[in-house]
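Q: Predicted model and sequence below, questions to follow.
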Number of protein chains: 2
Amino acid sequence: MSARVLVVDDILPNVKLLEAKLSCEYYEVLTATSGQEALEKVKNENPDIVLLDVMMPGMDGFEVCSRIKSDPDRAHIPVVMVTALTDTEDKVRGLEVGADDFLSKPINDTALMARVRSLVRLKMALDEWRVRENAAMQFGVVGEKTNVMAEPVEGARILVVEDKEFEKNKIVETLAKDHNIAMAVDNGMRGMELATTYDFDVLMISLDLKNEDGLRLCSHLKSNERTRAVPIVMIGEDEDIGRIAHGLEIGAHDYIIRPLERNELLARVRTQIRRKRFQERLRSTYEISLSMALTDSLTGLYNRRYFEVHMEKLLQKNEQSKKTMAVIMLDIDHFKSVNDTYGHNVGDEVLKVFAERLKNSLRSFDLVARLGGEEFVAILPDVSPEWACIVAERLRRSICDTPIRCSVEGGALPITTSAGGTLITHGAHSIEEILGRADKCLYQAKHEGRNCVVFENIGKLDPEKYKEPERAFFQEQEENGAIGSSPAG
Amino acid sequence: MSARVLVVDDILPNVKLLEAKLSCEYYEVLTATSGQEALEKVKNENPDIVLLDVMMPGMDGFEVCSRIKSDPDRAHIPVVMVTALTDTEDKVRGLEVGADDFLSKPINDTALMARVRSLVRLKMALDEWRVRENAAMQFGVVGEKTNVMAEPVEGARILVVEDKEFEKNKIVETLAKDHNIAMAVDNGMRGMELATTYDFDVLMISLDLKNEDGLRLCSHLKSNERTRAVPIVMIGEDEDIGRIAHGLEIGAHDYIIRPLERNELLARVRTQIRRKRFQERLRSTYEISLSMALTDSLTGLYNRRYFEVHMEKLLQKNEQSKKTMAVIMLDIDHFKSVNDTYGHNVGDEVLKVFAERLKNSLRSFDLVARLGGEEFVAILPDVSPEWACIVAERLRRSICDTPIRCSVEGGALPITTSAGGTLITHGAHSIEEILGRADKCLYQAKHEGRNCVVFENIGKLDPEKYKEPERAFFQEQEENGAIGSSPAG
């Protein structure tokens, strides 16, 4: 994938050399010869990756990297630090301020190109999600912009595949410093088994296993849908650079060269954990926006839109089925006067508690939705007529039995509900028809003096007749999975 | 990126040869030796790409490809047909049943690997979106699964960069068959200009321009955020295969070899148009789910959730500003009795028309939301007290002036609304406080006999005093962008 690369170095010949190499591979190259200029270009030109010299007069590379990584709008841009330094401390310092890799001069071309390609590919995948996040934020679906550097790096689950006993123990011990849970195995087959069974945050794979090709394992992991998204850190020798480059092509995210330096190991693993968690967060934004589209913001119940979609599906299934489904419409009695007397805030409090009680009085596979205002509907798939009446009576009592706590003098208001129910047997039905039938019964219940249930073809229910059965009998029904439901919890 | 490749050929040595080559590049290889077996593996093993022999006894490659592409759950899997045939007719037939490319035996390794890598990369990007689409579908946010093969291929906008006059004309003429709008230019600079100015569906780039490197142009296009997602089809000579492979690495989607065959050209361009439109459709699912989260499904107005987010932002801005903002709460008079007398269907009809009239009576930068039930709110940022009263009166009259059409005897119901308004000047305010103040005025308006507006600190408005000014004066105000708004349209 082509991309825009920003090359930063205070020595012009160095800039020119890198520019020529990258340009030859058809990258578009931007350049800067000071830290200040680099920051400006990062801000205005939005590069896809930055190759950053460490030693520069004025603002050095560490400072530049740290500033890029602390800007929520720029922190996702990968930074590769380039330096003549071989001191591990510098390397770790670079990684800790957020650099994605650290290459030593003179630069090995294979390593450089493999690295740039791999980081650009990761960035492009993230970019898609960032665009969506921005849209979601503008709409207020998510509150705050996520920043990759703000993700926690502790307590991750890490799988280590390494057959050198000493190295294995050293890795596990080092990872424990961040309270990570590391599992170590010494062969690829077992590694593959574990990786496809549990959810890991990072996989560390040795490239010099005695009896296996570590790259083959990477390839299996990247080909499997279950493990494809989990970042892989390869462990290799200096002379492995060709195979490491191949590993990055296959899709591994990073590598570390032996002898393993503890702080470098931690820094690299942290980067991967952060990036994985960042990506998961971006994805969850999507799921949040989906669920917001389907729930009522005040009560948290499903909204009319979801009710209609769900009901449509049930009705389709019902056409062939021999089962009976009940639909119960409920309306809070005299709700208007609650609003008028105590204000809308109190009205909202009442709606919330009302919704909560309905939900708690139903089975997990029943559905209750707010149709709008003070109007609710419950769907009970697969229920006998008698049980439908018992449940409707239970819903009614769940409201009138205890006054509803809210911000009024006395701390609670006595509230009642009226309900209208209808039973649907197989055959073609429309949502309008069914809601119309339930609504007619509800209207009759209001007419009968409220705080009561009217069922189609049965009339006003006698509360004594449709009482909950004895607990023992009830549980039996529930266990048979037949028709019952546990009483309000 | 590693991936699972399914190799299909009835001749075992051919299978083994491809398997060895791909495995060497760390792909995971599945094999099948008949069309039937191939379909089963596609169904059960979900490969990332299929390499498909054309000539097989029983079910041939065309049939296999066509079956894969007609399954909505599998159509996105790229298929490369492999054949000893060099007949263009066969090639076109393959492309027309949905194959993504057509390679001739003996297979050129560079071409094969570049092709596989490029198609796998495109698939992985799509996979992310397909997962989200599935989620959205289960929730019922989108109704139907999209299928790449069902996308229309006509009427696309195509840019052709080609300096051979004869070829250029041939391409434009050929593309016109599908009612595409093709623009042709003979240099890269002009191509880049057009591509970044207009939205194209496909870019066709010659790799043997006289004065320029076509690959460099591809690279620019892929590095630019504006053009990154537009598919590129390269045009090259047979001996260009190395550069073509490089182009696929850079991110071009496809290529065609001279001499250009009209039907092949059309088939390849169609594939790209289809894929681009498919991708756009997947993305729009996300935007639909976002907007559903923020609008009321019955009236299409913003919902309470959006109102709160938006209001919060306005209040923050308002703290420093010297401008006055008006908040008007509206409630349909005696709405309960509409529902009780005529049923909820009629109630819903009334709500829809009511919402529509409010919207039409406001300026584009005002906001009107349904808070729930029969309760609405309008926000007028930057308005004088007098104009706020005029607008509130306009809203009231927009309802009572004309009976609302709905399914009742007579075809319409006379409806009125009461409104309470409040003005917000700079300083800190909370949403609760403001809604509380408006609600109090609304309550007073109900008390004053309904079908009237009460404004805080002003009292019940005199309809005569707050009439719309003469049209001429009114338009002037509107044109000055000051405070007015055109009357209900």
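A: Nice, I can see it. Since the model is a prediction, treat every value here as computed from it, not as a measurement. Residues are numbered from 1 along each chain as shown, chains lettered A, B, ... in the order given.
Q: How about the contacts made by residue A:275?
A: Contacts for residue A:275 were tallied using C-beta atoms under 8 Å, 6 or more residues apart in numbering or on different chains; they are A:122, A:148, A:151, A:231, A:253. Every residue, glycine included, has its C-beta placed from N, CA and C.
Q: Next, format those as TSV and append neighbour count, distance to residue A:129 and secondary structure.
A: TSV is the format used below for those (neighbours: other C-beta atoms under 10 Å in any protein chain shown; distance: C-beta to C-beta, whole Å; DSSP: H, G, I helix; E, B strand; the rest coil):
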residue	neighbour count	distance to residue A:129	secondary structure
A:122	19	12	helix
A:148	20	11	helix
A:151	17	14	coil
A:231	21	16	coil
A:253	23	16	coil
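Q: now, among the residues you listed, which is nearest to chain B?
A: Distance to chain B across the contacts of residue A:275 (C-beta to the nearest C-beta) is lowest for residue A:122, with 11.0 Å.
Q: wait, isn't that closest one in contact with residue A:77?
A: No: look at residue A:122 against residue A:77 with C-beta atoms under 8 Å: they stay out of range, at 11.1 Å.
Q: ok, the closest residue to residue A:59 other than its chain neighbours to residue A:75 distance?
A: Spatially, and ignoring its direct neighbours in sequence, residue A:59 is nearest to residue A:35 (3.0 Å; C-beta to C-beta, 6 or more residues apart in numbering or on different chains). Per C-beta to C-beta, to the nearest Å, residue A:35 is found 17 Å from residue A:75.
Q: quick one, which of those two is more surrounded?
A: residue A:35 (23 against 19; other C-beta atoms under 10 Å in any protein chain shown).
Q: Distance of the more buried one relative to chain B?
A: Using C-beta to the nearest C-beta, to the nearest Å, residue A:35 is found at 24 Å from chain B.
Q: pLDDT below threshold where in chain A?
A: Scanning chain A with the threshold set as pLDDT under 70 gives A:85, A:135, A:138-145, A:470-489.
Q: Nearest residue to the middle of it?
A: residue A:284 (2.8 Å; C-alpha atoms, centre = their mean).
Q: Need the three-state assignment for residue A:363.
A: Per DSSP: H, G, I helix; E, B strand; the rest coil, the secondary structure class of residue A:363 is coil.
Q: same thing with the one 5 residues further on?
A: Following three-state DSSP, the label given to residue A:368 is strand.
Q: What residues are bridge-paired with it?
A: In this entry, residue A:368 is beta-bridged to residue A:378, by DSSP bridges.
Q: Residue A:264 is in contact with residue A:174, correct?
A: No: in this structure residue A:174 lies outside contact range of residue A:264 using C-beta under 8 Å: 9.9 Å.
Q: ok, and residue A:51, which helix or strand is that part of?
A: If you go by DSSP states H and E, residue A:51 is part of strand A:49-53.
Q: gap between that strand and the chain center?
A: Computed by C-alpha atoms, centre = their mean, to the nearest Å, the separation of strand A:49-53 from the middle of its chain amounts to 31 Å.
Q: Any part of that strand near chain B?
A: No: Strand A:49-53 is not in contact with chain B by C-beta under 8 Å from any C-beta of the partner chain; minimum separation 11.0 Å.
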